[in-house]
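> This is a predicted model, with the sequence first.
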Amino acid sequence: MRSLRISVTDQCNLRCGYCMPEESYTWLPRSRILKYGQIAHLVRAATLLGVNKVRLTGGEPLLRKKLWRLIEQLDGIDEIDDLAMTTNGVLLVERGAEVFSAGLQRLTVSLDTLRPKRFKEMTRGGDLSRVMAGLDLAQELCPTRIKINCVAMAGINDDELESMLDWALDRDFELRFIEYMDVAGATGWTRDKVLSSENILERIEAAFGAPQPAPKAGTAPANRFHVEGRGAFGVIASTSSPFCGTCDRARLTADGTFFTCLYNEEGTDLGTAIRAGSTSEQLAQTLAAIWVQRSDRGAEERLALAEQRGILATASHLRTRPQSEMHSKGG
Ligand code: SAM
Ligand code: SF4
């Protein structure tokens, strides 16, 4: 366990069809949402076991009030040398300055299309111009190169692979194409909507010439490539070629449920212990006990289903397991 992904809220200001396709949801109880001090306490405990990377996510993390205050606390933890956030970018114009000045080091913005009308459709109501303005600002403030996550879906946005990469290379963003995953929340998932990384790379090769393999960034899941004379991009083959064997990520939902795999339905409630005042050492012991028993191979098990592979959970089932939703676990 090196990387902790913390979902600070299950609320979102968009409704991407691959993540939140339903009309209504069971939200995490407000009274159980961890306060910033409690999250920082858990992070300190995790550092005792070797965690040195934190990524804030959601739902939409920038919806959480005064997120900069959490970032400031996490920035003060010496052992954390990589403090990142994944956002849909809608609120970057309003909140970008405060999160970077509080110590945010790396930023990933999720963006699946450059077409305003399609963006509105894919996100059910989003305004692309706000994301673009947010990216302009973030590029001035972010101390490292911004990453763009693009879920590539057959028949939805696959006619934009080349234009998205061209745009990202021009703008000096590192684009990562992500395969559409059959995670909880993706209740409309079908195999034929998955554009495999192999397909993606063939298309990129046809348009830009053969991409040259580039060094991987640590245990990060993206296979990276260089486009001659332009820059790097990545492909995350989470659906067709999972990387469970090298996964060093743990996840915490906003109510303190701890997951060791994105595909797990059940997590461990740490929120109760955190609220009850457990010490860092006690929390670290609990985390260690969970982690050493971990034998998760979620994505590999899904792949082994082959033709039988369908949605992971129905919407009605997910209403009884709100922590297991993608917008609760944070992706
Ligand atoms: N709201 C923020 C955002 O969209 O960046 C953070 C949370 S979102 C759940 C984190 C990431 O999960 C996003 O990059 C999103 O594209 C990705 N994601 C959600 N559902 C997915 C799915 N079914 N397959 C692949 N990626 C998915
Ligand atoms: Fe889209 Fe992120 Fe919101 Fe999911 S959590 S609906 S991916 S913006």
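Now that the structure is in, tell me what you want to look at. Ligands and ions are numbered 1, 2, ... in the order given.
> Downstream of the helix or strand bottoming out on mean pLDDT in the chain, the next helix or strand is which one?
Least confident element among the helices and strands of the chain, by mean pLDDT, DSSP states H and E: helix 298-304 (a mean of 86). For helix 298-304, the following helix or strand on the C-terminal side (DSSP states H and E) is helix 315-319.
> what's that next one in contact with?
With contact meaning CB atoms under 8 Å, 6 or more residues apart in numbering, helix 315-319 is reached by 21, 22, 25, 26, 184, 185, 187, 324, 325. All C-beta atoms are positioned from the backbone trio N, CA, C, and that covers glycine.
> Correct me if wrong: the last one contacts residue 251.
No: with contacts counted by CB atoms under 8 Å, residue 325 stays clear of residue 251, the gap being 12.0 Å.
> who has more neighbours, the two?
Here residue 325 and residue 251 are set side by side on neighbour count (other CB atoms under 10 Å), and the busier one is residue 325, at 29 against 24.
> how about the residues of the stretch 1-150 of the chain near ligand 2?
Counting by CB under 6 Å from any ligand atom, the residues of the stretch 1-150 of the chain close to ligand 2 are 12, 14, 15, 16, 19, 20, 58, 59, 60, 88, 110.
> Count the neighbours of the third one for me.
By the criterion of other CB under 10 Å, residue 15 has 17 neighbours.
> Burial check on the closest residue to it other than its chain neighbours, number of neighbours?
Spatial nearest neighbour of residue 15, chain neighbours left out: residue 124 (3.9 Å); criterion: CB to CB, 6 or more residues apart in numbering. The number of residues packed near residue 124 is 12, by other CB under 10 Å.
> pretty sure residue 124 contacts residue 14?
Yes: taking contacts as CB under 8 Å, residue 124 lies within contact range of residue 14: 7.0 Å.
> hang on, the earlier thing: from the residues of the stretch 1-150 of the chain next to ligand 2, list just the buried residues.
12, 14, 15, 16, 19, 20, 58, 59, 60, 88, 110 (16 or more other CB atoms under 10 Å).
> Intersect those with the contacts of ligand 1.
When CB under 6 Å from any ligand atom is applied, the members of those adjacent to ligand 1 are 12, 19, 58, 60, 88, 110.
> Please narrow these to those residing in strands.
Members of those lying in strands (criterion: DSSP state E): residue 110.
> Same list (the ones next to ligand 1 among the buried ones among the residues of the stretch 1-150 of the chain next to ligand 2) but as JSON lines, adding pLDDT.
Compiled in JSON lines, these are given as follows (pLDDT from 0 to 100):
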{"residue": "12", "pLDDT": "98"}
{"residue": "19", "pLDDT": "97"}
{"residue": "58", "pLDDT": "97"}
{"residue": "60", "pLDDT": "98"}
{"residue": "88", "pLDDT": "98"}
{"residue": "110", "pLDDT": "98"}
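> any idea which of the ones next to ligand 1 among the buried ones among the residues of the stretch 1-150 of the chain next to ligand 2 is closest to residue 177?
Using CB to CB, residue 110 comes nearest to residue 177 of these, at 12.0 Å.
> Tell me which helix or strand the residue nearest to that closest one when sequence neighbours are not counted sits in.
Of all residues not flanking residue 110 in the chain, residue 149 sits nearest, at 4.4 Å (CB to CB, 6+ apart). Assigned by DSSP H and E, residue 149 belongs to strand 147-152.
> So which bits of the stretch 201-331 of the chain are right by ligand 2?
residue 327.
> Grab the nearest non-local neighbour of residue 160.
Using CB to CB, 6+ apart, the nearest residue to residue 160 is residue 113, at 5.8 Å.
> Near the closest residue to residue 230 other than its chain neighbours, how many other residues are there?
Distance criterion CB to CB, 6+ apart; nearest residue to residue 230, sequence neighbours excluded, is residue 169 at 4.3 Å. By the criterion of other CB under 10 Å, residue 169 has 18 neighbours.
> For residue 169, which residues are in contact?
So residue 169 contacts 175, 227, 230, 231, 233 (CB under 8 Å, 6+ apart).
> Next: residue 200.
So residue 200 contacts 152, 161, 177, 235 (CB under 8 Å, 6+ apart).
> what about the residue nearest to it when sequence neighbours are not counted, distance to residue 111?
Among residues not flanking residue 200 along the chain, residue 177 sits closest, at 5.0 Å (CB to CB, 6+ apart). Counting by CB to CB, to the nearest Å, the gap from residue 177 to residue 111 is 12 Å.
> picking that back up, so which of the contacts of residue 200 is the most crowded?
Tallying neighbours with other CB under 10 Å puts residue 177 at the head of the contacts of residue 200, with 27 neighbours.
> And the helices in the stretch 201-331 of the chain, which stretches?
Remark: helices assigned in the stretch 201-331 of the chain by DSSP state H, counting those that start in this stretch are 271-275, 280-292, 298-304, 315-319, 326-329.
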